[in-house]
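Visitor: test case, fold it:
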Amino acid sequence: MTRAILLGKELLCLMTSKRRLHIMKPFSEINIPVPWGKIAGKWWGPTECKPIVCLHGIEDNCGTFDRLIPTLRKDKNISFLAIDFPGHGYSSPLPNGMFYHFLNFVLVLDHIRDYFQWSTVSLMGHSLGSITSFCYTLVYPEKVNFLICIDAIIPSFSPVTASYLRMNIEKFKKYMIIKDEPLAYTYEEVLEKVTSVFNGSVSREAAPCLLERKIACSKKYPGKYFFTRDPVLKANFAFNWPHEQMLKDISSIDNPIFMCKSKQSPYFGSKDLFHKIIEELKRNSRDCEFLILDGTHHIHLNEPKLIGAHIDEFLKKHYLEEKSNLEENSGIFCESPSSPLKIKSKI
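Guide: Next comes the predicted model:
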């Protein structure tokens, strides 16, 4: 009898402990259905609050925000939905034979807004995600509450020539037919590859935040890893928005905007155009904040508290709590996939 009571107490303690662990978990894994499969991501914060949608850079994933989000508005009920773009992280790639175009990423954002039946969205993006957020706001200014842009804003511009098109068509054909497991690497090798891009933009300490959804364990070579992003992404998907037209279109943006440029990061295009756009935004926006901070292209990942303090001040002025409309969509939450990493990053 005594043993049964003790076992019962142990079971109750274990169940309570599991509930506490669930409550303390910083995010929930989420899968949003789209016509070609799913958009995966992480929902941070209360599920009843409409989240700020967070968009990552090219060949990164939603883990890019793992260190920044916990620094923001700790005193408030605030939520963030960080997604993996198609072909990145745990999201479905585009159907085989389909080319990745910049507008695909803009459309993904509208798919998400439509799915949750949100009349407006609030946006935070880095690199490609920042450019996507900015262009979405240019196209649909009335659907955006505010946007936060980290280290990029202008779509990359590549002169369209026959040789340029031929090169990217051939790249696309080459990577489209790859079906086998790609090259495998040791953990140190994948870590080196991730930390060497953009002139060492990602620190070794922060890299596991990206690697968790960027690599998988090799079946061919036990103890090694391969990169899981869709190789077709290597074909260029630049979107040439004429600069003169973009400057004209900015007149429609009166939305609050926060823009941060990192000192150790290139402009990814014309420096003059970048600053012309900032000046035009300052003229039209109800509140345009532009900062240059000491850091790399991945400043939000390496120095989350530095940039987070400035974003927090912006959110204090412009974030308004709204309902998420999740009552009918609770089935989109799922278990987190098993991590391929033995080394965890400090958050």
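
Visitor: let me see the ranges of the helices in the stretch 51-200 of the chain.
Guide: Applying DSSP state H, counting those that start in this stretch to the stretch 51-200 of the chain gives helices spanning 102-116, 128-139, 162-176, 187-200.

Visitor: save those as CSV, and put in distance to Ser339, mean neighbour count and mean pLDDT too.
Guide: C-betas here are computed from N, CA, C, even on glycine. Formatted as CSV, those follow (distance: least, C-beta to C-beta, whole Å; neighbours: other C-beta atoms under 10 Å; pLDDT from 0 to 100):
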stretch, distance to Ser339, mean neighbour count, mean pLDDT
helix 102-116, 25, 17, 95
helix 128-139, 23, 24, 96
helix 162-176, 27, 13, 87
helix 187-200, 12, 15, 94
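
Visitor: which one, of these, ends up nearest to Leu281?
Guide: Nearest to Leu281, of all the helices of the stretch 51-200 of the chain, is helix 128-139, at 9.3 Å by C-beta to C-beta.

Visitor: what about the closest one, distance to the chain center?
Guide: In terms of C-alpha atoms, centre = their mean, to the nearest Å, the centre of helix 128-139 is set 13 Å apart from its chain centre.

Visitor: tell me the angle it makes with helix 102-116.
Guide: 70 degrees (axes from the mean of the first three to the mean of the last three C-alpha atoms, to 10 degrees).

Visitor: can I get the helices of the stretch 51-200 of the chain in a markdown table including distance to Ser270?
Guide: Converted to a markdown table, the helices of the stretch 51-200 of the chain look like this (distance: least, C-beta to C-beta, whole Å):
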| stretch | distance to Ser270 |
| --- | --- |
| helix 102-116 | 17 |
| helix 128-139 | 14 |
| helix 162-176 | 18 |
| helix 187-200 | 18 |
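
Visitor: element containing Glu244, please.
Guide: Secondary-structure element containing Glu244, defined by DSSP states H and E: helix 243-249.

Visitor: following that helix, which helix or strand comes up?
Guide: Assigned by DSSP H and E, the successor of helix 243-249 is strand 257-262.

Visitor: please name every helix or strand in contact with that next one.
Guide: strand 144-150, helix 271-284, strand 288-293, helix 304-318 (3 or more C-beta pairs under 8 Å, 6 or more residues apart in numbering; DSSP states H and E).

Visitor: ranking these by burial, who's on top?
Guide: Ranked by mean neighbour count under mean count of other C-beta atoms under 10 Å, the helices and strands packed on strand 257-262 are led by strand 144-150, which reaches a mean of 25.

Visitor: ok, now which ones touch Pro304?
Guide: Shown in contact with Pro304 (C-beta atoms under 8 Å, 6 or more residues apart in numbering): 67-68, 70-71.

Visitor: thinking again about what came up before, I'd like to know which of the helices and strands packed on strand 257-262 is closest to Lys234.
Guide: Closest among these, using C-beta to C-beta: strand 144-150, at 23.5 Å.

Visitor: please work out how many residues are found near Arg67.
Guide: By other C-beta atoms under 10 Å, the residues close to Arg67 number 22.

Visitor: thought it was touching Ala206?
Guide: Yes. At 6.4 Å, Arg67 counts as touching Ala206 under the criterion of C-beta atoms under 8 Å.

Visitor: wait, which of the helices of the stretch 51-200 of the chain is closest to Ala309?
Guide: With C-beta to C-beta, the closest approach to Ala309 among the helices of the stretch 51-200 of the chain belongs to helix 128-139: 18.8 Å.
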